[in-house]
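*Asks:* Need a 3D model of the sequence below.
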Amino acid sequence: MKTIKLSMAQALLRFLDNQYISVDGKETKFVKGVMGIFGHGNVTGIGEALERSPGSLIFMQGKNEQGMAHAATAFAKQSARKQIIACTSSIGPGALNMVTAAGTATVNRIPLLLLPGDNFACRQPDPVLQQLEDPSDYTISAVDAFKPVSRYWDRIVRPEQLMTAALQAMRVLTDPAETGAVTLALPQDVQAETYDYPEAFFERRVHTVDRRPPAADAIRRACGVLAGKRKPLLIAGGGVHYSGATEELAAFAEAFGIPVAETQAGKSAMRWDHPLNMGGVGVTGTLAANQLAKEADVIIGVGTRYSDFTTASKSAFGNPDVQFINMNVSSFDSAKLNGIAVTADAKAAIAALHAELAKSGYASGFEAGELERRKTEWNLEVDRLYGFEHEAGLAQTRALGVINETLQPSDVIVAAAGSLPGDLHRLWRPSEAGTYHMEYGFSCMGYEISGAFGAAIAAPERNVYAVVGDGSYLMLHSELITSLQEGVKLTVLLFDNSGFQCIHNLQRGNGSDGFGNEFRFRDAATGQLNGSYMPMDFAAHARSFGAQAYTVRTAEQLREALLQAREETVSTLIEIKVLPGTNSDGYESWWRVDVPAVSASPKVEAAQRAMAAGIAKAREL
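*Replies:* Reported below is the predicted structural model:
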């Protein structure tokens, strides 16, 4: 057997550089490169390998470990999980900064390869700077914190262990049902240790993603349930995008007259103006979709994990006889809500169900014009909110209307947290698949700008916009600098409403007078954070990095800034001053956030009684 002597870090990069993924016969190089921040623990190990022997892997310098890992997650998401960027960090705080991003990737079923530095395996210099010591178990280090948020975790304490660990990592990263964060802890001494690796380890390796076909019996069971149902509703989740099933989805819905609702991850699976697209469903859903969900006698869930926002905390489905058909590549998800499990690739499952259902001559039983009426009514409501003028300033829904009307159909929006995801899920009108990039599994504040950077790398032919609140911007905006460094343009649409207004609204809706969620000065008289609003110049902040920036306060100014930003050649920020509390809400939905039954405030006790009434109406299974 021919061998080659390499350090473990050198071998890791050479291996990653030769991994490919094949979907439907099309091969794609799986690892585009590595993002990293160097420190002790990785600079002389994987850092040396990236400097001297990176192969075709590119290296990008992150500015915050969480931010760069979010960017890598968004890159993989925008690439429909067919390509990744790995992330490397030092030990201690550098590594732990990536834990939040690992959770974000795993919850959203997105492949993310993390390569944090770790303590010395030899233990001779212990304890080194930033080393976490557990007196009861010396095998534990800070990197063990990644275990609960990783789909695969390994620590390579001998250089030859890399071969097993790397193959297992690729197994998980390329598996549609198992994918998520993969963490390979790399002790800093082992990164530099050498081994005679077999050359076969570095041969071009193609990981074929076979579409999992549905079992014939599962399809027959699903058809048996549908046979007696007249008011079906199909819920399209992120799996529709990842399996490339958008055309099959539309054909299925059209063939049988079945309305479609979308989760946050599934939105843009159908054009907004398709007659059967009823929009978002659940807590942030449209009135049309939520009313159909309430009346539906069968729910066909495709590629959805049924989060509490999709199911309105299990209150969305009001028909006592409703049944569920769950088509998902993951058996963990297809078994939810006590449904009929069709564990299969979404594209293959839709096609098989379509073929079998056609044999029976099935058609939904909606009254003539019912679906058209519901959709028309909702479109008029969106038009109203998009055109809503407030005498005190710019309403958030009005601003989104201007943006939606001004952006091009191929432009990508990226968002994650606050009140904006609710408005976007209800109101945004996408015309092309893959243009609505929402991270709402973790709803991680700080994902937006990092995510837009990653999406822009994945889709260089498109304009990418980060839609972000001032709260999220303050938490994490570091990869805006990386976008300038790399010459990768993105546009930040920063909605400044002076605080964490989404939670402020939730708080006040459950009996609070408002506490600790707005960006106000401490008032000397009351001692509370209820003084005047803090003035912030976010545009000046962005200009200090070298970005272009605009500040707008009216719809007309916003439209002009969007047109000017499109012509800019560098990343640009538009600071949009909007009125707090001018987001959309409600539409016959409900979200369970438990409230104390005992409080000094009668308003809180009243809110608890209302919450208890909602809990009593929710499904238990």
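
*Asks:* Which helix or which strand is home to residue 365?
*Replies:* For residue 365, there is no enclosing helix or strand under DSSP states H and E.

*Asks:* The residue nearest to it when sequence neighbours are not counted: neighbouring residues, count only.
*Replies:* Excluding the flanking residues, the one nearest residue 365 by Cβ to Cβ, 6 or more residues apart in numbering is residue 230, at 2.9 Å. (Glycine included, C-beta is placed from N, CA and C.) Neighbour count for residue 230, taken as other Cβ atoms under 10 Å: 13.

*Asks:* quick check, residue 230 in a strand?
*Replies:* No - counting by DSSP: H, G, I helix; E, B strand; the rest coil, residue 230 is located in no strand; its state is coil.

*Asks:* and it, what pLDDT?
*Replies:* Note for residue 230: predicted pLDDT of 97.

*Asks:* Now do the same contact list for it.
*Replies:* Residue 230 makes contacts with 297, 364, 365, 366, as judged by Cβ atoms under 8 Å, 6 or more residues apart in numbering.

*Asks:* do you know how far it is from residue 208?
*Replies:* Between residue 230 and residue 208 the computed distance is 41 Å (Cβ to Cβ, to the nearest Å).

*Asks:* try residue 587
*Replies:* When distance is defined by Cβ to Cβ, residue 587 is 44 Å away from residue 208.

*Asks:* So if I had to pick from these two, which one is more boxed in?
*Replies:* Between residue 587 and residue 208, residue 587 has the larger neighbour count (other Cβ under 10 Å), namely 20 against 12.

*Asks:* how about the nearest residue to residue 69, chain neighbours excluded?
*Replies:* residue 101 is the one closest to residue 69 (Cβ to Cβ, 6+ apart), at 3.3 Å.

*Asks:* How many neighbouring residues does the one you found have?
*Replies:* Considering only other Cβ under 10 Å, residue 101 is surrounded by 29 other residues.

*Asks:* Just to check, residue 492 is in contact with residue 576?
*Replies:* No - the criterion here is Cβ atoms under 8 Å, and residue 492 misses it with residue 576 at 10.1 Å.

*Asks:* quick one: the strands in the stretch 201-350 of the chain?
*Replies:* In the stretch 201-350 of the chain, strands defined by DSSP state E, counting those that start in this stretch lie at 205-209, 232-236, 260-262, 277-280, 298-302, 323-328, 340-343, listed in chain order.

*Asks:* Ok, which of those comes nearest residue 394?
*Replies:* Counting by Cβ to Cβ, residue 394 lies closest to strand 277-280 out of the strands of the stretch 201-350 of the chain; the figure is 23.4 Å.

*Asks:* Could I get the contacting residues of the nearest residue to residue 20 once chain neighbours are set aside?
*Replies:* Once flanking residues are discounted, residue 20 sits nearest to residue 206: 4.6 Å by Cβ to Cβ, 6+ apart. Neighbour list for residue 206: 20, 21, 22, 27 [criterion: Cβ under 8 Å, 6+ apart].

*Asks:* Three-state assignment for the second one, please.
*Replies:* This means residue 21. Residue 21 ends up strand, using three-state DSSP.

*Asks:* what are the bridge partners for it, then?
*Replies:* Beta-bridge pairing for residue 21 (DSSP bridges): residue 28, residue 207.

*Asks:* any idea how far residue 159 is from it?
*Replies:* To residue 159, residue 21 is 26 Å away according to Cβ to Cβ.
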